[in-house]
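Student: Let's see this in three dimensions:
(one chain, ligands or ions: 1)
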Amino acid sequence: MKEIVNINGEILGRDRAVLSIFDRGFLYGDSVYETLRTYDGIPFLQDRHLRRLAASAERITIPLPGSKEIAREIERTCQAAEPGEYLVRVVVTRGEGPIWPAGPAVGLDPSLCKSPSLLVYVIPFPRRIEALQKTGVPVSIVPIRRNPRESLDPSIKSCNQLNNILAVTAASRKAAFEAIMRNPAGYVAEGASSNVFIARGGEIWTPPLAAGILEGITREVILELARDLGITVREQDFLPQDLLDSEECFLTSSLKEVLPVVECDGHPIGSGRPGPLTIRLLEKYREMVRISHPPR
Ligand SMILES: Cc1ncc(COP(=O)(O)O)c(C=O)c1O
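Tutor: Presented below is the predicted three-dimensional model:
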């Protein structure tokens, strides 16, 4: 299956999909995005993703097309792709602006840009994740701290990913699958592209939103499912040592669903294999997917 791109309503193959080099999304990372995956060809939890996209755009004052319009473009893009499962990415950039405007304004001033661009692309879903869910993955607690909320609030899902890229670079040097980042106070915050959970004494802990993290949609769902299962969940700060001492650890994201962590910086987590609570939550998540997306 090929990649299909939709730029401002025009559906193109990857080779013909181009955006101006003066687009501020390219120049400054001045853009917001969402990543979804499909089940049976239908994007999962799209309403929640579109609500978060609108919230991110509002925080950085990018005027967004209406949710109905974005939903229509997502549907058109998926329909243009061959049948299958996709990763769907929606990006809204602030659009083009003058680099060196006349008058007192400086080029960074967002008020100089009048027309945002909406991009949607779909690519075949990377199936590798299913194998990793069986074995679990190693992570590394990296020296790069998550951006402070007072600087670039991690709850804004912006395409400015340098903080996360630096973290992933550090994790790759340790051959880790994911970088675990601390917040400026030293508490565990989140992965470079996932939220993090640990299990201790039968309870599930995850950092609170106040730790300065993305309000992950899968995180939210897992909190709901864990409560349904009668598991005590705590949104509370914890330290790297708590993660190392935990009985289980797992990551969540729309693409990874629930991904067991079996090792951190060379230390086994728990038994060194995916733990029972993690497996129960992954099964419960899959059951929820099946119920909300019955095979056609
Ligand atoms: C920094 C960060 N944290 C958490 C997540 C998980 O969010 P979600 O479950 O909404 O996919 C992501 C997803 O890409 C992310 O980039």
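Student: need the residues of the stretch 51-200 of the chain near the ligand, please.
Tutor: Asn164, Glu190, Ser193, Ser194, Asn195 (Cβ under 6 Å from any ligand atom). Just so you know, the C-beta spots here come from the backbone N, C-alpha and C atoms, and that holds for glycine as well.
Student: Adding pLDDT and secondary structure, write the residues you listed out as TSV.
Tutor: Formatted as TSV, those follow (pLDDT from 0 to 100; DSSP: H, G, I helix; E, B strand; the rest coil):
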residue	pLDDT	secondary structure
Asn164	98	helix
Glu190	98	strand
Ser193	98	coil
Ser194	98	strand
Asn195	98	strand
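Student: between those residues, which has the most around it?
Tutor: When neighbours are taken as other Cβ atoms under 10 Å, the top entry among those is Glu190 (29 neighbours).
Student: Let me see the contact set for that residue.
Tutor: Going by Cβ atoms under 8 Å, 6 or more residues apart in numbering, Glu190 touches Arg146, Pro154, Ile180, Met181, Val196, Pro207, Ala211, Ile213, Leu214, Gly216.
Student: Distance of the fourth one relative to Glu235?
Tutor: Here the criterion is Cβ to Cβ, to the nearest Å. By it, Met181 lies 17 Å from Glu235.
Student: phi, psi of the residue nearest the centre of the chain?
Tutor: Note on the chain: the residue nearest the mean C-alpha position is Ser193, at 5.1 Å, using Cα atoms, centre = their mean. For Ser193, the backbone dihedrals (degrees, to the nearest 10) come out as phi -140, psi 40.
Student: ok, it - contacts?
Tutor: Residues in contact with Ser193 (Cβ under 8 Å, 6+ apart) are Asn164, Val168, Glu178, Ser253.
Student: try 7 Å this time
Tutor: If a contact means Cβ atoms under 7 Å, 6 or more residues apart in numbering, then Ser193 has Asn164, Ser253 as its contacts.
Student: circling back to that earlier point, Met181 and Glu235: which has the busier surroundings?
Tutor: Neighbours were counted for Met181 and for Glu235 using other Cβ under 10 Å; Met181 has more, 28 against 14.
Student: Now the more buried one: phi and psi?
Tutor: The phi and psi values for Met181, taken as degrees, to the nearest 10, are phi -110, psi 140.
Student: what's the answer for Arg200, then?
Tutor: Arg200 adopts backbone torsions of phi -140, psi 130, taken as degrees, to the nearest 10.
Student: Relative to the ligand, which residue of the stretch 51-200 of the chain is the closest?
Tutor: Residue nearest to the ligand within the stretch 51-200 of the chain: Ser193 (4.0 Å; Cβ to the nearest ligand atom).
Student: what kind of secondary structure is Ser151 in?
Tutor: coil (DSSP: H, G, I helix; E, B strand; the rest coil).
Student: Neighbours of it, how many?
Tutor: Residues within reach of Ser151, counting by other Cβ under 10 Å, total 10.
Student: Let me know the pLDDT of it.
Tutor: pLDDT for Ser151: 96.
Student: for the one 10 residues further on, same thing?
Tutor: At Gln161, the predicted lDDT confidence score is 97.
Student: Would you mind measuring from it to Ser193?
Tutor: Distance from Gln161 to Ser193, by Cβ to Cβ: 9 Å.
Student: mind listing the helices for the stretch 151-296 of the chain?
Tutor: 162-173, 217-228, 240-244, 276-292 (DSSP state H, counting those that start in this stretch).
Student: Let me have those in TSV, extended by distance to Cys264.
Tutor: Below are the helices of the stretch 151-296 of the chain laid out as TSV (distance: least, Cβ to Cβ, whole Å):
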stretch	distance to Cys264
helix 162-173	11
helix 217-228	19
helix 240-244	6
helix 276-292	14
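Student: how about stretch 175-182: buried residues?
Tutor: Ala176, Phe177, Glu178, Ala179, Ile180, Met181, Arg182 (16 or more other Cβ atoms under 10 Å).
Student: nope, stretch 253-265 is what I was after
Tutor: Per 16+ other Cβ under 10 Å, stretch 253-265 contains these buried residues: Ser253, Ser254, Lys256, Glu257, Val258, Leu259, Pro260, Val261, Val262, Glu263, Cys264, Asp265.
Student: ok, the third one - contacts?
Tutor: The contact partners of Lys256, taken as Cβ under 7 Å, 6+ apart, are Ile129, Ser194.
Student: Just to check, Asn6 is in contact with Glu75?
Tutor: No: with contact defined as Cβ atoms under 7 Å, Asn6 does not count as touching Glu75 (10.2 Å).
Student: Show me which of the two is the more surrounded one.
Tutor: Ranked by neighbour count (other Cβ under 10 Å), Asn6 and Glu75 place Asn6 first, with 21 against 14.
Student: now the more buried one, which residues is it bridged with?
Tutor: Taking DSSP bridges as the rule, Asn6 bridges to Ile11, Val120.
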